[in-house]
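Q: Could you look at this predicted model? Sequence included:
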Amino acid sequence: MKLKQYCLLACFGLFAQNLIAQEGLPVYSDYLTDNYYVIHPSMAGVANCAKIRLTARKQWFGVDNAPSLQTLSVNSRLGDSPSAIGGIVFNDANGYHSQVGGYLTYAHHIMFSRNEIDLNMLSFGLSAGFIQYKLDETEFLSDGFDPIIAGVEQSATNFNIDFGFSYHLLDFYAHATVKNVLKNEGINFNEQGLSYDNLRTYLFSAGNTFSKYGSDWSYEPSIMVMHRDATDETSFDINGKVYKKMEFGKLWGGLSYRRSLDGAEFNNGSGVSSQKLQYITPFIGVDYNNFVFAYTYSYQANSVVFNNGGFHQLTLGFNFNCRREKFECNCPAVN
């Protein structure tokens, strides 16, 4: 059965007469593939190189109209100044619904250390952009007339901003971001008192890199917490990452575990059960000279799902305008 048939009932309930705004750029685990800027605007230009990252995510190969996501991001410091700029464009499709968007970012980095050897830096970032949402209803009316179905492709465009900060101290880092700060007036679905104009999402990340003196190996545990304001849902990522220095660059890989703190109830045939979202995501990558290649695979460890596995993501990257490594630290996102 095609995915569109599975999604039809959900589309009726979610979209009905008006288009409901989605969250914008989805938050997956691709930030772990040397791409923190994709979720934290304050990370624009934080590294000693300018960065281009292209990602492609595909779910459930062989299923028609399965979810897919493509992103292209670039960010760079403005010369030797403390200012940086960046940009992100993305295309996100899921069944009848799709969204295309783009953001521009300005970031500012403040050094607190007495010299550039010891890393002690506070960064601020602001992203602003537009998102166009589309709902294709052209195939909804296969059985005749329905007064709540227009039978056309609906679309709406929304402006929003993200704001956040980052702090780096030697091998430690922390990031906090508020996504979709503004309300989405004009594309709400308010039938029966429901409101979907609040897409505000809070993200917090922290981690530290450890390594023995003179060793080619380093280890980076980290955590990311995400909270959605309107639905009061919270989830967290627990991550472990390993790096190995090579003559040509660096090999790295790791594992991420995502868990929701809020469950969903369902009828199991003999009663009511509940389950909480769980993702297990291994990833692997290589830095070859100035090129970056990475692969991410996600497994959904729940019993009631369309499909447990089949979440594939590729990342291609290129670093350019690189300066010398300034800081004596195990800080892969900066050096």
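A: Structure received.
Q: Test my guess that S155 contacts Q132.
A: Yes - S155 lies in contact with Q132 (C-beta atoms under 8 Å); the separation is 6.1 Å. For the C-beta atoms, the positions are set from N, CA and C on the backbone; glycine is no exception.
Q: What average pLDDT does the host helix or strand of L314 get?
A: Assigned by DSSP states H and E, L314 falls within strand 311-320. Mean pLDDT, strand 311-320: 95.
Q: Sort out which residues of that strand are buried, please.
A: F311, Q313, T315, G317, N319 (16 or more other C-beta atoms under 10 Å).
Q: which residues touch the second one?
A: Spelled out, it's Q313. Y28, S29, D30, T55, A56, R57, K58, Y295, T296, Y297, S298 (C-beta atoms under 8 Å, 6 or more residues apart in numbering).
Q: at 6 Å instead, please
A: By C-beta atoms under 6 Å, 6 or more residues apart in numbering, Q313 lies in contact with D30, R57, T296.
Q: Could you give the bridge partners of the nearest residue to the first one once chain neighbours are set aside?
A: Spelled out, that is D30. Nearest residue to D30, sequence neighbours excluded (C-beta to C-beta, 6 or more residues apart in numbering): T55, at 5.3 Å. On the basis of DSSP bridges, T55 is bridged to T71, T315.
Q: wait, isn't T55 in contact with T71?
A: Yes - in this structure T55 lies within contact range of T71 using C-beta atoms under 6 Å: 4.8 Å.
Q: Which strands or helices does the helix or strand that Y295 is a member of pack on?
A: Here Y295 is covered by strand 291-300, with elements defined by DSSP H and E. Strand 291-300 is packed against strand 272-288, strand 311-320, with contacts defined by 3 or more C-beta pairs under 6 Å, 6 or more residues apart in numbering; DSSP states H and E.
Q: Give the partner strands of that strand in its sheet and their orientations.
A: strand 272-288 (antiparallel), strand 311-320 (antiparallel).
Q: Adding distance to G240, write the ones you listed out as a markdown table.
A: Supplementary listing: the strands paired with strand 291-300 in a markdown table, determined by distance: least, C-beta to C-beta, whole Å:
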| stretch | distance to G240 |
| --- | --- |
| strand 272-288 | 10 |
| strand 311-320 | 18 |
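Q: Minimum distance to L122: which of those has it?
A: L122 sits nearest to strand 311-320 of all these, at 23.5 Å, using C-beta to C-beta.
Q: one step back: just the C-alphas of the strand holding Y295, formatted as PDB.
A: Included here for strand 291-300 are C-alpha records, laid out as PDB according to Å, rounded to 0.1, in the frame of the first residue of the first chain:
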ATOM      1  CA  PHE A 291      36.600  17.100   2.300                       C
ATOM      2  CA  VAL A 292      34.100  15.500   4.700                       C
ATOM      3  CA  PHE A 293      32.100  12.400   4.000                       C
ATOM      4  CA  ALA A 294      29.600  10.900   6.500                       C
ATOM      5  CA  TYR A 295      26.800   8.300   6.700                       C
ATOM      6  CA  THR A 296      24.100   8.200   9.300                       C
ATOM      7  CA  TYR A 297      21.500   5.400   9.900                       C
ATOM      8  CA  SER A 298      18.600   5.600  12.300                       C
ATOM      9  CA  TYR A 299      16.700   2.700  13.800                       C
ATOM     10  CA  GLN A 300      13.300   3.400  15.500                       C
END
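Q: Done for today, thanks.
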